[in-house]
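Asker: From the sequence below, what's the structure:
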Amino acid sequence: MSLTEKLAIQTPSPVQVITPHWAKLRDIQISIKRDDLLHPVISGNKWRKLKYTLLEACDNDVKHIVSFGGGYSNHLHALGYCCHQLGIHLSAIVRGDYSQNLSPMLRDLLNWGADIQYVDRATYQQRAEPQYLQTLTTKYPSALLIPEGGSQLQALKGVAEIVDELCNPYDYILAPVASGGTLAGLITGLTKHGKLTDCKILGIGVLKGEGYLEQLVTNLLAKDEQTKNWQINHDYHFGGYAKSNHELAQFCSDFHQQTKTKIEPVYSGKLFFALRDLIAKGYFSHGSRILALHTGGLQGAR
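Answerer: Numbers count the residues shown, from 1 in each chain. Predicted structure coming up:
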């Protein structure tokens with residue numbers, strides 16, 4: 001039985017066409033790649049980014065994984081479920097002390113048998129530093145370390161499969177950006193797909209990070225993938241990661257009512273809010289065909 005079958009992942013994810021009134025003004029054609037429907041728990045880009053890392057872990061009989069995230073991390077949530085199903089022990093290094101006020105995500109991790117280690121922000125900021133990673137390797141010599149968000153080279157292959165699943169051409173593909181792996185994977189996929197070479201990739205930054213997010217993406221790309229066919233818009237982070245306001249919350253509610261598609265204010269809400277605003281501002285040419293990637297993450301809004 002394959003890993004996909006073992007975890008009951010439903011691929012390919014469907015593509016849904018929506019026709020909100022704000023798209024009709026410029027005859028914009030909007031489709032949503034519904035990666036939120038891949039699995040009830042392991043939804044969205046988290047599965048795409050973890051797929052080949054977990055395949056490698058199973059092939060090498062890895063029994064322990066260490067990874068990082070916040071108290072509502074979609075990455076840790078998906079990874080925790082996968083580890084539970086695959087019989088792998090997870091040590092989750094979590095930014096901030098939630099021990100007296102567990103989030104729904106942390107309760108799930110505990111129910112799945114994960115070991116949660118709360119660290120202060122100063123320690124968490126070292127999560128990618130070689131010296132800190134070496135201390136973890138010394139502490140857990142047999143463990144596999146997975147970076148925050150699952151964004152590493154193995155992730156690109158999994159995300160690139162989104163492009164393999166597309167049947168129709170698009171002028172733009174839009175995706176939210178936080179740790180860079182999803183955008184880098186889409187760029188990788190399009191670079192290898194001749195039929196989609198005219199497609200532009202627009203990332204919507206969901207945290208404050210102009211320059212920083214671009215560097216995260218660039219660091220993951222191979223030299224022959226350093227195309228100019230992508231960019232990140234930084235105008236819709238609403239003050240920072242997981243920051244929101246009444247306008248965004250109302251938009252998420254209205255969007256669900258109009259399209260029957262649930263979105264949340266951390267990732268997908270900011271993506272579609274940006275799409276509506278950019279259409280209104282004339283960013284896209286009349287009649288543009290746009291594919292928006294729904295990266296899941298609805299559990300984070302609990």
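Asker: buried residues in stretch 107-122?
Answerer: D108, L109, W112, A114, I116, Y118, V119 (16 or more other Cβ atoms under 10 Å). The C-beta positions use only the backbone N, C-alpha and C, and glycine is treated the same way.
Asker: would you list the residues you listed in CSV and tack on distance to K208?
Answerer: Output for those, formatted as CSV (distance: Cβ to Cβ, whole Å):
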residue, distance to K208
D108, 28
L109, 27
W112, 32
A114, 29
I116, 27
Y118, 24
V119, 22
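Asker: Just those: which are in helices?
Answerer: D108, L109 (DSSP state H).
Asker: Among the buried residues of stretch 107-122, which are located in strands?
Answerer: Secondary structure defined by DSSP state E assigns I116, Y118, V119 of these to strands.
Asker: The closest residue to Y52 other than its chain neighbours: what's it in contact with?
Answerer: In space, Y52 comes closest to Q154 once its chain neighbours are excluded; the distance is 4.3 Å by Cβ to Cβ, 6 or more residues apart in numbering. Shown in contact with Q154 (Cβ atoms under 8 Å, 6 or more residues apart in numbering): Y52, T53, E56.
Asker: how far away is D277 from W47?
Answerer: 29 Å (Cβ to Cβ, to the nearest Å).
Asker: oh sorry, the question was meant for Y72
Answerer: 18 Å.
Asker: Pipe the ones in strands among the buried residues of stretch 107-122 into TSV and attach distance to V15 and pLDDT per row.
Answerer: Formatted as TSV, those follow (distance: Cβ to Cβ, whole Å; pLDDT from 0 to 100):
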residue	distance to V15	pLDDT
I116	37	98
Y118	40	98
V119	40	97
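Asker: ok, so of those residues, who is nearest L166?
Answerer: Minimum distance to L166 across these is 38.0 Å, recorded for I116 (Cβ to Cβ).
Asker: Am I right that the closest one is in contact with L90?
Answerer: No. I116 is beyond contact range of L90, at 9.1 Å (criterion: Cβ atoms under 8 Å).
Asker: circling back: kindly reformat the contacts of Q154 as TSV containing secondary structure, pLDDT and neighbour count.
Answerer: TSV is the format used below for the contacts of Q154 (DSSP: H, G, I helix; E, B strand; the rest coil; pLDDT from 0 to 100; neighbours: other Cβ atoms under 10 Å):
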residue	secondary structure	pLDDT	neighbour count
Y52	helix	97	19
T53	helix	97	24
E56	helix	96	12
